[in-house]
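A.B. asks: coords please:
(one chain, ligands or ions: 2)
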Amino acid sequence: MPIDGWLEALPGQDAGAMNRHVADDVALFAGRDHPLLSTRTVRHQVARLSAHLLVLGATTEAPHPMDDGLRRALLGYSLYTRQLDMVQDRATKHICRDGCERPPLGCCNRSHNVVFSLSDIMMQHPTGLALRMGDALARLQAEEGAHHAHGAPMGERGCPYLTATGCTLYLFKSPLCVHYLCPTVADALDAAHGPEAAPFVAGMRRAANRQLERSSDFMEPGLIEAAVRMFAPEGRSRAESGDGPDDGVGNRVRGGMEGWPDGGGCGNARG
Ligand code: SF4
Ligand code: SF4
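C.D. replies: Ligands and ions are numbered 1, 2, ... in the order given. Okay, the predicted model is just below:
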């Protein structure tokens, strides 16, 4: 369970000793809709990351915790990318592994992990929050990549977070990385799912091509729901009806999660 392993290893306050900021973050995100994640997973991820981000935001020069706006933008992004990683585990990673026309690097070139290049900043004029989010993502990528590499060399070819066994990022890939779909993958999704693939493919392409100006541009609204519908046999998932089972510890698991790895509230696909 790589994601939960990294969350547990993060420096920061113990979730059992939550401070007010962490408790507020947990309450906020537990009340939001995350179609593929159980409440328990959301609470755990937010508690661990929030405590870490508070520490990450404090430097010797500025010994203040990371502000609510940036911290919550990063927390929201991490929950979104976790769900998108689950979708890609089910929908696309086998294509990248077995059917890529550009081996061994695929699309993992040297700059895809970068959120804002200097020319992006000059041309796109991102907001202050978007810029700070890009800066924080770069720091989190370094932490997450080092953890998941387990000492293996990274960046010997292409992207600095690529090892011989693949990408070392799960929660803090760049928006370009999490949304990129090459024509091979788009065609394979169309062949496998027919018209139900179209909204997901269109959403991924829209997000990958979007210029990042505001923090909300990092995510594509409705994309996870489109993925759930793509896999639902009748084109309408039970996620929309909210009639899922209990996860055994009192948290309601959302309907339509059968077949998804967090359907029992037990964590990410690779766990
Ligand atoms: S998205 Fe396409 S180019 Fe990139 S690794 Fe997958 S199959 Fe290869
Ligand atoms: S961060 Fe991961 S997905 Fe993105 S280019 Fe690097 S290795 Fe590929």
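
A.B. asks: my guess is residue 130 meets residue 219, correct?
C.D. replies: No: using C-beta atoms under 8 Å, residue 130 makes no contact with residue 219, being 12.0 Å away. To be clear about C-beta, it is placed using only N, CA and C from the backbone, and glycine gets the same treatment.

A.B. asks: Which neighbours do those two have in common?
C.D. replies: Common neighbours of residue 130 and residue 219, counting by C-beta atoms under 8 Å, 6 or more residues apart in numbering, are absent.

A.B. asks: what's the distance between residue 54 and residue 48?
C.D. replies: Residue 54 is 11 Å from residue 48, where distance means C-beta to C-beta, to the nearest Å.

A.B. asks: just residue 193 next, same as before
C.D. replies: Distance, residue 193 to residue 48, by C-beta to C-beta: 34 Å.

A.B. asks: Settle it for me: which of those two has more neighbours?
C.D. replies: A direct count of neighbours by other C-beta atoms under 10 Å for residue 193 and residue 48 places residue 48 higher, at 21 against 17.

A.B. asks: That one against residue 10, yeah?
C.D. replies: Yes: using C-beta under 8 Å, residue 48 is in contact with residue 10, at 5.7 Å.

A.B. asks: Show me what the host helix or strand of residue 94 is packed against.
C.D. replies: Using DSSP states H and E, residue 94 sits in helix 93-99. Helix 93-99 is packed against helix 183-193, with contacts defined by 3 or more C-beta pairs under 8 Å, 6 or more residues apart in numbering; DSSP states H and E.

A.B. asks: Quickly check: the helix it packs on near ligand 2 or not.
C.D. replies: No: counting by C-beta under 6 Å from any ligand atom, no contacts exist between helix 183-193 and ligand 2, the nearest distance being 12.9 Å.

A.B. asks: CA-only coordinates of that helix in PDB, if you can.
C.D. replies: Provided in PDB are the C-alpha atoms of helix 183-193 (Å, rounded to 0.1, in the frame of the first residue of the first chain):
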ATOM      1  CA  PRO A 183      -3.700   8.600 -28.800                       C
ATOM      2  CA  THR A 184      -2.900   4.900 -28.200                       C
ATOM      3  CA  VAL A 185      -4.500   5.000 -24.700                       C
ATOM      4  CA  ALA A 186      -7.500   7.100 -26.000                       C
ATOM      5  CA  ASP A 187      -8.100   4.600 -28.800                       C
ATOM      6  CA  ALA A 188      -7.800   1.600 -26.400                       C
ATOM      7  CA  LEU A 189     -10.400   3.200 -24.000                       C
ATOM      8  CA  ASP A 190     -12.700   3.900 -26.900                       C
ATOM      9  CA  ALA A 191     -12.400   0.300 -28.100                       C
ATOM     10  CA  ALA A 192     -13.000  -1.100 -24.500                       C
ATOM     11  CA  HIS A 193     -15.800   1.200 -23.400                       C
END
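
A.B. asks: That one and ligand 1, any residue contact?
C.D. replies: Yes: remark: helix 183-193 sits within contact range of ligand 1 at 184, 185, by C-beta under 6 Å from any ligand atom.

A.B. asks: Does ligand 2 have contacts with the one helix or strand residue 5 maps to?
C.D. replies: With secondary structure defined by DSSP H and E, residue 5 is part of helix 2-9. No: judged by C-beta under 6 Å from any ligand atom, helix 2-9 stays clear of ligand 2, getting no closer than 13.3 Å.

A.B. asks: Just the pLDDT at residue 12, thanks.
C.D. replies: At residue 12, the pLDDT value in this model is 66.

A.B. asks: Just give me the neighbour total for residue 160.
C.D. replies: A total of 16 residues lie near residue 160 under the criterion other C-beta under 10 Å.
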